[in-house]
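Q: fold the following.
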Amino acid sequence: MPKLTVQDLKKIKENTSKEMQLRGESGRIRILVHMGTCGIAAGAREVMQTLMEEMATADRQDIRVVASGCMGMCSSEPNVTVEIEGEKPIVYQHIDANKMRQIFKRHVLKGEVQSDFALARG
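A: Numbers count the residues shown, from 1 in each chain. Just a heads-up that it's a prediction; the model follows:
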C-alpha cells in the first residue's frame, strides 16, 4: 500500500470538510432523504448518491442534505422531503435517481414543485 503524502491528506481533509458541510443543519434549503430500513430496501441509498452528485455539480452553499429515519410511510418509499425556508415542506414519494435529479434541478434550484411525485405538502 502506498504511503500517503501531505498533499493526499490535505485533499482528504478538503473532501471530508465539504461533505460534512453539505450534511450540516444550517442552510436556507434542507433535503431529507428518509433512510429507514424500508427506505434503504426500496432504493434510498441510490437516491442519496444521486443527490450528492447533483450537489457536487451545483456547488451551492445554502443547501443541506440530511439522512433521516423512517417517516412511517413504508408503502411510498423511498421518500424525500424538501424544506425551503419560508415555504411548506414537500414530501415526495417513490423516488428513484431520475426523479431525484428532476426534483433537485426543478424544485430545489428553480422553485417548481414537482406535483407528479408529491405525497404531501406541509
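Q: for this protein, what are the low-confidence residue spans?
A: Across the chain, the ranges flagged by pLDDT under 70 are 1, 16-27, 122.
Q: residue boundaries of the strands in it?
A: Ranges of strands in the chain, per DSSP state E, are 29-34, 63-68, 80-84, 90-92, 118-121.
Q: need these in a markdown table (columns: distance to E14 and mean neighbour count).
A: Placement of C-beta: from N, CA and C, glycine included. Formatted as a markdown table, the strands of the chain follow (distance: least, Cβ to Cβ, whole Å; neighbours: other Cβ atoms under 10 Å):
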| stretch | distance to E14 | mean neighbour count |
| --- | --- | --- |
| strand 29-34 | 23 | 22 |
| strand 63-68 | 18 | 18 |
| strand 80-84 | 27 | 20 |
| strand 90-92 | 32 | 23 |
| strand 118-121 | 36 | 14 |
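Q: want to throw those into CSV with distance to R106?
A: Compiled in CSV, the strands of the chain are given as follows (distance: least, Cβ to Cβ, whole Å):
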stretch, distance to R106
strand 29-34, 13
strand 63-68, 14
strand 80-84, 11
strand 90-92, 11
strand 118-121, 12
